[in-house]
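Novice: What shape does this take:
(2 chains)
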Amino acid sequence: MSTLMDPTAERESAELQPLPRLADLEGKTIGLLDISKPRGDVFLDRLEDLLVQRGVNTRRYRKPTFTRVAPVELKQQIASECDAVVESLAD
Amino acid sequence: MSYTIVVKKECETCQLVQPVIKDIAAQAELKIYSQDDPAFPAGQDVIDDRELAYSWQQRIETVPTVIKFDAAGKEIGRTIGWVKADWETLTGITFDDNLPAFRPGCGSMTQDPGVPEKLAAQYEVDSLSAREIPLGSEEDEIEACFDRGWSDGLPVVPPTRERVLRMLSGTRRTPAEVVGTVPPDLNECTIEKIAINAVMAGCKPEYMPVVIAAVEAALQEPFCMHGLLATTYFSGPLVIVNGPMSRAIGMNAGGNALGQGNRANATIGRALQLVIRNVGGGKPGGVDRSVFGNPGKYTYCFAEDELNSAWESLAVERGFEPEDSTVTLFAADGLQGIVDQKSRDPESLCRSFAAGLRAVGHPKMVLAADAILVISPEHERVFRLAGWSKQQLRDELISLLTIPGRELVAGAGGIAEGLPEKFADASLPKFRENGLHIIRAGGTAGMFSAIIAGWAASGSTGSDMVSMKIKN
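Specialist: This next block holds a predicted model:
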């Protein structure tokens, strides 16, 4: 495992922080990404209902196959159209 | 009293002195360290120093080395190589007459190429005080630097302990020395932090004195780095290097000097920018509010072409000796070209320069931005052949750039920008006193010169050009 010497003034944590989470859903657009496993759509349909009831905008996406990572174009599209994304993973 | 001897089997002189070692071992307390073979010398108790820990700790540069210690274990003498008289004096023992009087020693294995840095990294864990950032086992080192926000957009060299120690070998200053506080966060900057960022920029250790001088100059109060970083204006720090050091490290003062291709030019300017970013916390989207920036904010650093010039260099004009090596910091925009391929007399070429300089910032903007006029060899020739001094050129430009107020007032020329009406009857200089600088650089074929315009807040309201000597 490599270590690197810190080039900064060391005011922040040395650990890589995840991207900031949304503080709230007010006025946000949430992407719902189906990985194309069976009944993933059922889960996302239900989630979408709950979000819409709360006045949150949603957009639906689908990976071509669950056996590969999402295509770059799909990731770029989601990133430009949504504030956050929920991905349904398991069967 | 006791002795230690450091040897390596590969060294013929070490082989020669085997009987001597035997004699000493028989008469005194002796520890023998072998750098390459613990079975050498044969017939003795030998300590295996193939990890070179003892050799490093004792600063062994030559084998054989004999060190004498007092009863308290403090070193009281040493001798290197084989000089019979010196060994006899040190040990008080008389050795075999058949031995030669002198044989040179060999290099210690601690000095093999690449080994000093490895040993320093391994054994001198206390010499660096920067926090160590452990990377994830699957992290690519270069991506890791991007992910942590350390990059200016281009890949940086991952700052490993070894690389940082190697960079620090380029300066005699101590790693812990604080050179100043870096805006905008006003954090302390040490020599060590400069070295880490110089590694990331891609510098060689020999550039370190220049990088340190550039950082120190940028942090001088008159340069106003804080305001320069924060401004909505185009400018960023430009580093001009003068003197023998610029040539010793191979900087480019000639063709494409303001562009890419030369490692010293590219990485010294970049190291300064990375220090501002990483130590100072100054980033676009943060305190850096520049509307456009300019490409020089990746790196802007070149050497003045002083050897071929008929005129005194920027550094000499500013009070330094020709033998001094200096950095000069200027709050600079990118580059504005002046094309003049027909002027063969100085008056005509001056007018071309003045026409270009008029446009700095805005043709109606006066007493705001400073500027540097970078004259190419082919253009400088015109003045040299006419026997003009640099001051004569400057005086002529200042005269040509004394502008009637009626051209400058708001509304003049149908342009709302401009000075208040009260200046309509005055004549105003384009540049404040000492605001126009003239240097020579560039390739030898091309009848062009260039203007590097300064920050609109030049002088006491903002940034002043700052020069400093480069120290080792």
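
Novice: from here on, contacts and neighbour counts on C-alpha atoms
Specialist: OK.

Novice: Show me where the stretch 201-350 of chain B has its strands.
Specialist: Taking DSSP state E, counting those that start in this stretch, the strands of the stretch 201-350 of chain B run over residues B:236-242, B:301-303, B:326-332, B:336-339.

Novice: Quickly list the domain ranges of chain B.
Specialist: Annotated domains of chain B cover B:2-112, B:114-130+B:139-325, B:334-453 [automatic domain parsing].

Novice: pLDDT on the second one, on average?
Specialist: Confidence over domain B:114-130+B:139-325 (mean pLDDT, whole number) is 95.

Novice: first vs last residue of it, how far apart are they?
Specialist: 30 Å (Cα to Cα, to the nearest Å).

Novice: Please name the residues that touch B:Pro429.
Specialist: By Cα atoms under 8 Å, 6 or more residues apart in numbering or on different chains, B:Pro429 lies in contact with B:366-367, B:398, B:401-403.

Novice: Please narrow those to those residing in strands.
Specialist: Per DSSP state E, strands hold the following members of the contacts of B:Pro429: B:402-403.

Novice: on that earlier part again, which of the domains of chain B sits most buried?
Specialist: Among these, ranked by average contacts under mean count of other Cα atoms under 10 Å in any protein chain shown, first place goes to domain B:114-130+B:139-325 (a mean of 20).

Novice: Does that domain reach chain A?
Specialist: Yes: legend: contact between domain B:114-130+B:139-325 and chain A by Cα under 8 Å from any Cα of the partner chain is shown at B:130, B:141, B:147-148, B:150, B:158-161, B:164, B:187-189, B:193, B:196-197, B:275, B:278-281.

Novice: one step back: which among the domains of chain B is found nearest to A:Leu33?
Specialist: A:Leu33 lies closest to domain B:114-130+B:139-325 among the domains of chain B, at 24.7 Å (Cα to Cα).

Novice: Spell out which residues of chain A are next to chain B.
Specialist: Within chain A, the positions adjacent to chain B are A:1-10, A:14-16 by Cα under 8 Å from any Cα.

Novice: Could you pull out the helices in the stretch 51-200 of chain B for me?
Specialist: B:53-57, B:84-91, B:115-123, B:141-147, B:161-168, B:191-201 (DSSP state H, counting those that start in this stretch).

Novice: residues in contact with B:Pro104?
Specialist: By Cα under 8 Å, 6+ apart, the contact list for B:Pro104 reads B:13, B:81-82.

Novice: Turn those residues into CSV, including distance to B:Pro19 and pLDDT.
Specialist: Putting the contacts of B:Pro104 into CSV (distance: Cα to Cα, whole Å; pLDDT from 0 to 100) gives the following:
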residue, distance to B:Pro19, pLDDT
B:Thr13, 12, 96
B:Gly81, 15, 96
B:Trp82, 13, 96
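
Novice: what residues does the longest helix along chain B touch?
Specialist: Longest helix in chain B, counting residues (DSSP state H): helix B:263-278. For helix B:263-278, the surrounding residues in contact (Cα under 8 Å, 6+ apart) are A:7-9, B:150-152, B:182-183, B:193-194, B:197-198, B:200-204, B:207, B:210-211, B:214-215, B:238-239, B:249-252, B:257, B:260, B:282-283, B:297-303.

Novice: What number of neighbouring residues does the residue in the stretch 1-150 of chain B that chain A sits nearest to come out with?
Specialist: Closest contact between the stretch 1-150 of chain B and chain A, by Cα to the nearest Cα, is at B:Pro134 (4.3 Å). Other residues lying near B:Pro134 total 16 when counted by other Cα atoms under 10 Å in any protein chain shown.

Novice: Leaving out the residues flanking it, which one is nearest to it?
Specialist: Nearest non-adjacent residue to B:Pro134, counting by Cα to Cα, 6 or more residues apart in numbering or on different chains: A:Thr3, 4.3 Å away.

Novice: hang on, isn't the one you found packed against B:Gly136?
Specialist: No: contact criterion Cα atoms under 8 Å: A:Thr3 and B:Gly136 do not qualify, at 9.1 Å.

Novice: Residue ranges in chain A under the pLDDT threshold?
Specialist: Within chain A, the set of residues satisfying pLDDT under 70 comprises A:1, A:90-91.

Novice: hmm, who's touching stretch B:68-82?
Specialist: B:1-4, B:13, B:17, B:62-67, B:86-87, B:90-91, B:101-106.

Novice: likewise stretch B:234-244?
Specialist: For stretch B:234-244, contacts defined as Cα under 8 Å, 6+ apart pick out B:214, B:218, B:225, B:228-229, B:269, B:290-294, B:296-297, B:299-304, B:306, B:313-315, B:322-334, B:454-455.

Novice: Good, wrapping up.
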